[in-house]
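1. here you go, sequence then predicted model.
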Amino acid sequence: MRLAFSYNVWHKRYGRCHNGSADHELIRIAALECTLLNVRAVDEFFRQQSWSTDIRAAQYPGFDSPGPFLSSVEKRKLDQLVVHLTYNRIHEFDYTWKTVELVQKAYRAFSNFLDYVERTFYKDQRNVKASIRNMRTRFETWLTQMELRDSG
């Protein structure tokens, strides 16, 4: 989940100092693709298992998986424009990604899974619970920054 915030961190640190260089644009695109790939990976975690090597939420006893959070249109766009090498990828920059909305959806689903992990596996381990709280705080701070930037 952490890498789903890549584009936000890039934007916060380097987005304002755009100098028009190809290097700057390459890193921007890499951060955007990293965000999109990781949102897709979190969504996949909540889908049905398709390969024996997949790790899925449904494999965790007692966790009531909400299922995927991406719409079929969002998933298809991510598959065609980011994940797979397709002819449609030629048009990947004709599409405006709603990264804030995608990361919000991913975090809501991930946060529910974190609640389960904390409750089920680390109920009495204060140090691990503190680490999870720190992770949540970092993610929620980044999410708030994204929302503020998007609305302003």
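-> Perfect, I can see it now.

2. show me where this protein dips below the pLDDT cut-off.
-> Applying pLDDT under 70 to the chain flags the ranges 84-95, 152.

3. sketch out the helices for it, chain order is fine.
-> Secondary structure of the chain by DSSP state H: the helices cover 6-14, 22-45, 72-78, 99-121, 126-151.

4. the residue nearest to residue 132 when sequence neighbours are not counted - how many residues pack around it?
-> Once flanking residues are discounted, residue 132 sits nearest to residue 118: 5.3 Å by Cβ to Cβ, 6 or more residues apart in numbering. For glycine as for every other residue, the C-beta is placed from the backbone atoms N, C-alpha and C. Neighbours of residue 118 under the rule other Cβ atoms under 10 Å: 17.

5. picking that back up, between the helices of the chain, which gets nearest to residue 60?
-> Proximity to residue 60 (Cβ to Cβ) singles out helix 99-121 among the helices of the chain, at 6.8 Å.

6. so which elements touch that closest one?
-> Using 3 or more Cβ pairs under 8 Å, 6 or more residues apart in numbering; DSSP states H and E as the contact test, the elements touching helix 99-121 are helix 6-14, helix 22-45, helix 126-151.

7. that helix vs helix 22-45, what angle?
-> Relative orientation of helix 99-121 versus helix 22-45 (axes from the mean of the first three to the mean of the last three Cα atoms, to 10 degrees): 50 degrees.

8. for the residue of the chain positioned farthest from its centre, give its distance to residue 104.
-> Distance to the chain centre peaks in the chain at residue 124, reaching 28.7 Å (criterion: Cα atoms, centre = their mean). Distance, residue 124 to residue 104, using Cβ to Cβ, to the nearest Å: 32 Å.

9. cool, and residue 32?
-> According to Cβ to Cβ, residue 32 stands 16 Å off from residue 104.

10. give me the distance from stretch 35-55 to the chain's centre.
-> Relative to its chain's centre, stretch 35-55 lies at 11 Å (Cα atoms, centre = their mean, to the nearest Å).

11. any buried residues in it, and which?
-> 35-36, 38-40, 42-47 (16 or more other Cβ atoms under 10 Å).

12. what's the answer for stretch 124-143, then?
-> 132, 136, 139, 142-143.
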